[in-house]
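*Asks:* Need coordinates for the following:
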Amino acid sequence: MSKAALLLLGMMVASTPATADIYDILIRGGTIYDGSGSPGYVGDVAVSGGKIAAVGKRVRGSAAKVIEAQGLAVTPGFIDAHSHVDFGLEERTGPMLDEQDLLQGVTTILMGPDGYYSPENIRQRMAQLKARGSGVNYSCYVGHNGIREQIMPGIQRPANAEETAAMAALVREGMEMGCVGLSTGLMYEGGMFSDTNEVVALAEAVKPFGGTYDSHTRNPSLEMLKSEKEAIEIGKRAGIPAKLGHLKATGLINRGRIGDVIAAVEEARAAGQEVVADQYPYDGAATGPLSGIFVLPGHKDMPSAADVRAALKDPKTRAVIRELTEQGEAGGFSWVKAVGYGNMRIVDAPGAPELVDQNIELLAKAWGMEPFDLVARLVQDQSDSLLITLGTIDEADVRKLMVQPWVMIASDGGYSAPEGAEIDIMGYHPRATGSFARVLGHYSRDLKLFPLAEAVRKMSSLPAKHLNLTDRGLLKPGLVADIAIFDPAKVIDRSTYARPALRAEGMVTVIVNGETALEGGKATGATPGRFVARGTVPSKK
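*Replies:* Model (predicted):
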């Protein structure tokens, strides 16, 4: 071969793209917010083999799929650190596409908060998701209440040494499965019968695995500060991070007092303890029909409005119902006992709009009635059951908490009914379909509480780091390709208390494990979601 031919061949080889420059997906020209909190910049993101291959102002190469993202934000997929979406598997058939979360950019949900799941519960749920498929990833907490029900069914006292050891063994089993930590629901049965020492002993079983402690605290309405401090104490004594689940200041007695909890967290963090919180961005907690607060003799499930009306007709039965409703049956749970009438606000009143936003305790005073007599009259007088929130929150407290750098965003949401469906099931709430979009659009863009980069950090690297999900949470080469692409000028929640199923707007494309799960604002039908195990145990060096 001549020298000229050799020279030409060398030039051709030098100009041919390397194999590494051919990607599965190439996202071009979007504004990249990498999840760290750093300001955004215009650039490209490349994906290969389900992982992020390159990120930068200009990524050279080609791809089987090119996404032009000019004018759009490109971020890590969001992590919902407190979700009940998987409960929907019991109501529905087929895969859990979870379009409601994909439309908010959520790519990973944390199952099992509030203490629900024992290891056996987790195995059953994981088997369901694997068999039926999921549009999003899922991780899990191992739960105190689920374990307690297995070891101490129906027992209303703190655990003894033998029972504690048996429960600790199940906590370790859950951690060996890859759970991120221990969750408790100390407001609910059986967690409500435990003491602090019992929970500390179980939290200690998490420490060798590098896990966290997540708490639905014991009495967050009537003893807010004491309850949140107990969660901080449990983390400190066990030597593990602590997260205050769905933190808020609810009810008339707690208005303006979220600052007390913030100060307690800041004090612990200043002393070197890792304490964080998650928050949903709404001025009301769980929702449901007003008739759902009643406890009827012989009824294990939530009664219907018709059941309540019929039972209240007998004066003797009415007295029994009041006792059960306000004190719980056999020392058990009731909503009035847990949160009080001052924590209940009417959020929807078909046929009686003048009742919307009325607090039950204040309304009873205005009408010169006892609160129980008021709610009984409202259920009897209204043809449709009124919708209430079981935790009214002052908007100023919502905002004061949200700006704290250690607060991540979570939904506490269930699997929503399809948009436009008739909704009559207790627990439907706009947070399920709107939390992440509401923070991006309403609180960050419109109210300017914090920059978009900070909003993204609260939804990505902050939960990923706390939960030890080491392979996601940032747009960084080598990490899993969970990516959200949205229009920062249009992203917003649409759901309301009266219409909680309305889906969020502004999300364009969502990639889960390198596969497109949402495109053009619609779920693709793909089910790339998988179980995400806790990462490696942090080094002690």
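
*Asks:* At which residues are the helices of the stretch 151-300 of the chain located?
*Replies:* Ranges of helices in the stretch 151-300 of the chain, per DSSP state H, counting those that start in this stretch, are 161-176, 196-204, 224-238, 258-270.

*Asks:* How far off centre is the third one?
*Replies:* Using CA atoms, centre = their mean, to the nearest Å, we find the averaged C-alpha position of helix 224-238 to lie 20 Å away from the chain's own average C-alpha position.

*Asks:* before we move on, the earlier item: mean pLDDT, mean neighbour count and distance to residue 51 added to the helices of the stretch 151-300 of the chain, as a markdown table?
*Replies:* Heads up, the C-betas are built off the backbone N, CA and C, glycines and all. Formatted as a markdown table, the helices of the stretch 151-300 of the chain follow (pLDDT from 0 to 100; neighbours: other CB atoms under 10 Å; distance: least, CB to CB, whole Å):
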| stretch | mean pLDDT | mean neighbour count | distance to residue 51 |
| --- | --- | --- | --- |
| helix 161-176 | 98 | 18 | 26 |
| helix 196-204 | 98 | 21 | 34 |
| helix 224-238 | 98 | 21 | 33 |
| helix 258-270 | 98 | 17 | 33 |
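
*Asks:* any idea which helix or strand comes after the worst-scoring helix or strand of the chain on mean pLDDT?
*Replies:* Ranked by mean pLDDT, DSSP states H and E, the helix or strand of the chain with the weakest confidence is helix 3-15, at a mean of 42. For helix 3-15, the following helix or strand on the C-terminal side (DSSP states H and E) is strand 22-32.

*Asks:* what bridges to residue 510?
*Replies:* Applying DSSP bridges to residue 510 gives these bridge partners: residue 484, residue 518.

*Asks:* thought it was touching residue 77?
*Replies:* Yes: contact criterion CB atoms under 8 Å: residue 510 and residue 77 qualify, at 6.7 Å.

*Asks:* tell me, what's touching the two both at once?
*Replies:* 105, 107, 483, 484 (CB atoms under 8 Å, 6 or more residues apart in numbering).

*Asks:* Between which two of these is the distance greatest?
*Replies:* Using CB to CB, the pair of the shared contacts of residue 510 and residue 77 lying farthest apart is 105 and 483, separated by 8.9 Å.

*Asks:* Is it possible to get the shared contacts of residue 510 and residue 77 out as CSV so that each row also shows pLDDT?
*Replies:* Formatted as CSV, the shared contacts of residue 510 and residue 77 follow (pLDDT from 0 to 100):
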residue, pLDDT
105, 98
107, 98
483, 99
484, 98
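
*Asks:* I'd like to know which of those is nearest to residue 357.
*Replies:* Once CB to CB is applied, the member of these that ends up nearest residue 357 is residue 105, at 30.6 Å.

*Asks:* Could you dump the helices of the stretch 151-300 of the chain into TSV and include distance to residue 530?
*Replies:* Below are the helices of the stretch 151-300 of the chain laid out as TSV (distance: least, CB to CB, whole Å):
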stretch	distance to residue 530
helix 161-176	18
helix 196-204	28
helix 224-238	29
helix 258-270	33
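
*Asks:* Nearest to residue 81 among those helices would be which one?
*Replies:* Closest among the helices of the stretch 151-300 of the chain, once you apply CB to CB, is helix 224-238, at 14.8 Å.
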